[in-house]
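K.L.:
Test case, fold it:
(chains A and B)
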2 protein chains.
Amino acid sequence: MSPPSVVIIGCGFGGLWAAQGLARAPVGVTVIDRTNHHLFTPLLYQVATAGLSAPSISAPIRHILEGQKNATVLLGEVKQILPGEKKLLLEDGTPVTYDYLVVASGTTNNYFGNDAWAPFAPGLKTLEDALDIRSRILLAFERAEREADPARRSACLTFVVIGGGATGVELAGTLAEIARHTLKGEFRRVDPTRARVMLVEGTDRVLPPYTPDLSEKARLQLERLGVTVWLNKRVTSVDAGGVTLGAERLEASTVIWAAGVASSPLGRSLGAPLDRAGRVQVGPDLSVPGHPEIFVVGDLAGVAGVPGIAPAAKQMGRHAALNIRKTLEGKSRIAFRYRDYGQLATIGRNAAVAMLGRLHLSGYPAWLTWLVAHIYFLINFRNRLAVLIDWAWSYWTYNRGARIIIKGPS
Amino acid sequence: MSPPSVVIIGCGFGGLWAAQGLARAPVGVTVIDRTNHHLFTPLLYQVATAGLSAPSISAPIRHILEGQKNATVLLGEVKQILPGEKKLLLEDGTPVTYDYLVVASGTTNNYFGNDAWAPFAPGLKTLEDALDIRSRILLAFERAEREADPARRSACLTFVVIGGGATGVELAGTLAEIARHTLKGEFRRVDPTRARVMLVEGTDRVLPPYTPDLSEKARLQLERLGVTVWLNKRVTSVDAGGVTLGAERLEASTVIWAAGVASSPLGRSLGAPLDRAGRVQVGPDLSVPGHPEIFVVGDLAGVAGVPGIAPAAKQMGRHAALNIRKTLEGKSRIAFRYRDYGQLATIGRNAAVAMLGRLHLSGYPAWLTWLVAHIYFLINFRNRLAVLIDWAWSYWTYNRGARIIIKGPS
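P.N.:
I've put the predicted structure just below:
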């Protein structure tokens, strides 16, 4: 008799930690991901802003799991889950059966019903997104250098980031640094330091999950870097020429969407209740109500008080693996408890905020904490040394090593 | 009165060396390139075979020329040269006038009249090509792991490289290493070490520009790495399923074209005589007959006895700049003389051939020479340290750092 099969959908932090949590369990593990790599998403904004190369924050899933002999890796996209038949279908109709299923497929960009905005305001979820955004940013400066019309040139040099969460803050801060420092002196007809970077947020402060004092410190640091922060502004339309916010209009050739995430369509196909953010409401053991063999972990899982960040996804992935092992051993499952090690958001050079329990840091101390934490977590990646060199080099020279547009003008 | 304008088309080795050769000349230099980066093309095959990341072998042209105050960089594609009007047109019709023109636009892939083969057998000229080939190679192994049909699985694990020049030899050797070493043990259903790598060459030896003894040594080293070398074989058809060579058929899902290069269409628009390989036949001063203000340098220039390699392009670029300076000073131009520092081709780990004047090396000594030479020349790049680390790591672990497929299955 073959061992019970555990299928894991998605190999982000939740899926990978679930797979590794089953390394010594008497099961066959199948990991299915749309890409061939695990992505260190906390640094994805660095790829989008040309600070790091794509391979620096990616590792082949096969290579990570090479030594785990009970694990098989499949490159594929799960199109449908059939909970009644304990089966799922890949993009070409190939069926994959399971005894236990861990859904860790994460979130997608949420345009709040305005999917027509997507081509003009890409979101940042995958490496492909990051390289697309990188090209748009660099091409905007290139187009400005060739543009004779002052209004169009000004639109080329206007960058709008929609959404003041961690991703939006990181992108806006880094964009301002690129314009003010990295590209300074490299153009002959335009002055990149005069580029405008706007961060638009619908609520009354940036970084809403943080405390108000840290939100205010983040805003001040952003403005010091040259970012214009617009609070309480709702986007009413995005098109090829820019962004409309009610009565106001921003002509901008580069718009980036960091305003919201929606659960992956797979979440809905489970038939389980969703919370307001579209996440699957799971039981205390992280399984789907009525389907104890299906677990949901990571950003797709709705657990009160658990933020959508990498450490939470890892903890959930590991916990789902634990509960599968308990079930196989005939023991009772354990309720998930989130351990809060804090949250960090970087804004730019020497600028960040950190909320570590009751300890609130901002500026250089927060930035140093962010740096040490990320280097520590990157140690799982073989690329940590390359990342360190890139960072040290960027820090001292203000340059960025991955300023490469793959496609030419189109 | 504004200084004479020198327009340089293309910022490869020829164009960049021409631009830098005019740094202190009383001219305005405009460099036009389709991409925003200068590319270290001798290592492009390493990007295609997942050994290096794209930014590691690329540097932004603007950044290289930032300090050269008489140089302006434009991202754009030259669609037409109008020699009679001393003018050229960019892709959107923008005119650019010149007093002197340096055409360094290089070569494109040559399918010998069979452009329909191009989608099935991409060539390796740009970073985009390299990332496309990388995806095809890695996806072939992924598809094999999911493929149930033995014949189709075998086609997924068959790689055909067409053309036994330096690029073909480098690609085939590295592909064999990936299959035999890098991917070994990472798959559960297929054995990547059983992949077939075929190198198809139309003449009776690989590396035709080298001496016959080195060609033979290269062939032996390729076969030792596991490459099947087919000599005197002409490709009669390439399609989605594989390659036909007269009566023979190779079912292969990955085919790479390294068989021939054709001069860029701009070469033809000059109205100058072309040689058999389609290169522009230039005078001894590297200018186009009848147009002393137009120079052609690099792979596009046909000069007897000068190979299409980076050192030759650099020498020609520098020489065109020299002759422009001489002309401005009212002095007579100097005839170009190629300095032959030798040729090197790498085949794989500890395997290479080198032709350094009368000194012929192969195996480990040639490989070491190749390594030292490339590290030396990469010193112009800020990325040399990252490349060194990647190489050292690959050498000791047999792994490759850039095994990232950007796009998922499609």
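K.L.:
Tell me which residues touch whichever residue of the stretch 201-350 of chain A sits closest to chain B, please.
P.N.:
Proximity of the stretch 201-350 of chain A to chain B (CB to the nearest CB) peaks at A:Ser264, 13.8 Å away. C-beta: built from backbone N, CA, C; applies to glycine. Listed by CB atoms under 8 Å, 6 or more residues apart in numbering or on different chains, the contact set of A:Ser264 reads A:Ser105, A:Gly106, A:Thr107, A:Thr108, A:Leu300.
K.L.:
neighbours around A:Gly290, how many?
P.N.:
11 (other CB atoms under 10 Å in any protein chain shown).
K.L.:
Not counting sequence-adjacent ones, nearest residue to it?
P.N.:
A:Ala272 (7.6 Å; CB to CB, 6 or more residues apart in numbering or on different chains).
K.L.:
For that neighbour, give me its contacts.
P.N.:
Here A:Ala272 is in contact with A:Val280, A:Gln281, A:Val282, A:Val288, A:Pro289, A:Gly290, A:His291, A:Val296 (CB under 8 Å, 6+ apart).
K.L.:
that older thread, quick one: buried ones out of the contacts of A:Ser264?
P.N.:
Using 16 or more other CB atoms under 10 Å in any protein chain shown as the burial test, the contacts of A:Ser264 include A:Ser105, A:Gly106, A:Thr107, A:Thr108, A:Leu300 as buried.
K.L.:
Export those to CSV and append columns for secondary structure, pLDDT and distance to chain B.
P.N.:
Compiled in CSV, the buried ones among the contacts of A:Ser264 are given as follows (DSSP: H, G, I helix; E, B strand; the rest coil; pLDDT from 0 to 100; distance: CB to the nearest CB, whole Å):
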residue, secondary structure, pLDDT, distance to chain B
A:Ser105, coil, 94, 13
A:Gly106, coil, 92, 14
A:Thr107, strand, 88, 17
A:Thr108, strand, 87, 14
A:Leu300, helix, 95, 18
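K.L.:
SS state for the residue nearest to A:Gly290?
P.N.:
Under DSSP: H, G, I helix; E, B strand; the rest coil, the three-state class of A:Ala272 is coil.
K.L.:
Check A:Val306 too.
P.N.:
Look at A:Val306: counting by three-state DSSP, its state is coil.
K.L.:
what's the answer for A:Tyr338, then?
P.N.:
With three-state DSSP as the basis, A:Tyr338 sits in coil.
K.L.:
Surely A:Leu199 touches A:Gly165?
P.N.:
No. Under the criterion of CB atoms under 8 Å, A:Leu199 makes no contact with A:Gly165, lying 10.3 Å away.
K.L.:
can you map out the helices along the stretch 1-150 of chain A?
P.N.:
Here the stretch 1-150 of chain A has its helices, by DSSP state H, counting those that start in this stretch, at A:13-21, A:44-48, A:61-64, A:127-146, A:150-156.
K.L.:
For the contacts of A:Ser264, work out which two are farthest apart.
P.N.:
A:Thr108 and A:Leu300 (10.1 Å; CB to CB).
K.L.:
Need the overlap of contacts for those two.
P.N.:
Here A:Thr108 and A:Leu300 have A:Ser263, A:Ser264 as joint contacts, going by CB under 8 Å, 6+ apart.
K.L.:
Name the residues linked to A:Glu251 by a beta bridge.
P.N.:
Taking DSSP bridges as the rule, A:Glu251 bridges to A:Gly242.
K.L.:
now swap in the one 10 residues further on and tell me
P.N.:
In this structure, A:Val261 bridges to A:Asn109 when assessed by DSSP bridges.
K.L.:
What residues does it make contact with?
P.N.:
A:Thr107, A:Thr108, A:Asn109, A:Asn110, A:Lys125, A:Ala277, A:Asp299, A:Gly308.
K.L.:
Could you identify the buried members of those?
P.N.:
Taking 16+ other CB under 10 Å as the criterion, what is buried in the contacts of A:Val261 is A:Thr107, A:Thr108, A:Asn109, A:Asn110, A:Lys125, A:Asp299, A:Gly308.
K.L.:
can you list the domains in chain A?
P.N.:
A:5-34+A:76-109+A:261-328, A:115-259 (automatic domain parsing).
K.L.:
could I get those as JSON lines with distance to B:Leu52?
P.N.:
Below are the domains of chain A laid out as JSON lines (distance: least, CB to CB, whole Å):
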{"stretch": "domain A:5-34+A:76-109+A:261-328", "distance to B:Leu52": "24"}
{"stretch": "domain A:115-259", "distance to B:Leu52": "16"}
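K.L.:
Quick one: the strands in the stretch 1-150 of chain A, in order.
P.N.:
For the stretch 1-150 of chain A, the strands defined by DSSP state E, counting those that start in this stretch cover A:5-9, A:28-33, A:37-39, A:58-60, A:71-75, A:78-82, A:87-90, A:95-97, A:100-103, A:107-109.
K.L.:
Using CSV, list the CA coordinates for the first one.
P.N.:
Listed in CSV are the C-alpha atoms of strand A:5-9, where the atom choice follows Å, rounded to 0.1, in the frame of the first residue of the first chain:
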residue,chain,number,x,y,z
SER,A,5,-0.5,11.5,-0.4
VAL,A,6,-0.2,15.1,0.7
VAL,A,7,-0.6,17.6,-2.1
ILE,A,8,0.6,21.2,-1.5
ILE,A,9,-0.5,23.9,-3.9
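K.L.:
Now distance to B:Ser332 too, for the strands of the stretch 1-150 of chain A, in CSV please.
P.N.:
Converted to CSV, these look like this (distance: least, CB to CB, whole Å):
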stretch, distance to B:Ser332
strand A:5-9, 73
strand A:28-33, 66
strand A:37-39, 59
strand A:58-60, 56
strand A:71-75, 63
strand A:78-82, 72
strand A:87-90, 71
strand A:95-97, 76
strand A:100-103, 77
strand A:107-109, 64
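K.L.:
Return the most buried member of those strands.
P.N.:
Neighbour counts averaged per stretch over the strands of the stretch 1-150 of chain A are highest for strand A:100-103, at a mean of 30; criterion: mean count of other CB atoms under 10 Å in any protein chain shown.
K.L.:
so what does that strand touch, helix or strand wise?
P.N.:
When contacts are defined as 3 or more CB pairs under 8 Å, 6 or more residues apart in numbering or on different chains; DSSP states H and E, strand A:100-103 sits against strand A:5-9, helix A:13-21, strand A:291-296, helix A:310-328.
K.L.:
Format the ones you listed as JSON lines; extra columns: distance to B:Glu85 and mean pLDDT.
P.N.:
Below are those laid out as JSON lines (distance: least, CB to CB, whole Å; pLDDT from 0 to 100):
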{"stretch": "strand A:5-9", "distance to B:Glu85": "61", "mean pLDDT": "98"}
{"stretch": "helix A:13-21", "distance to B:Glu85": "60", "mean pLDDT": "97"}
{"stretch": "strand A:291-296", "distance to B:Glu85": "67", "mean pLDDT": "97"}
{"stretch": "helix A:310-328", "distance to B:Glu85": "59", "mean pLDDT": "97"}
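K.L.:
Give the residue spans of chain A that score low on pLDDT.
P.N.:
Chain A contains residues with pLDDT under 70 at A:379-401, A:406-410.
K.L.:
And for the nearest residue to A:Gln46 once chain neighbours are set aside, the neighbour number?
P.N.:
Excluding the flanking residues, the one nearest A:Gln46 by CB to CB, 6+ apart is A:Leu52, at 4.4 Å. Applying other CB under 10 Å, we find 27 residues neighbouring A:Leu52.
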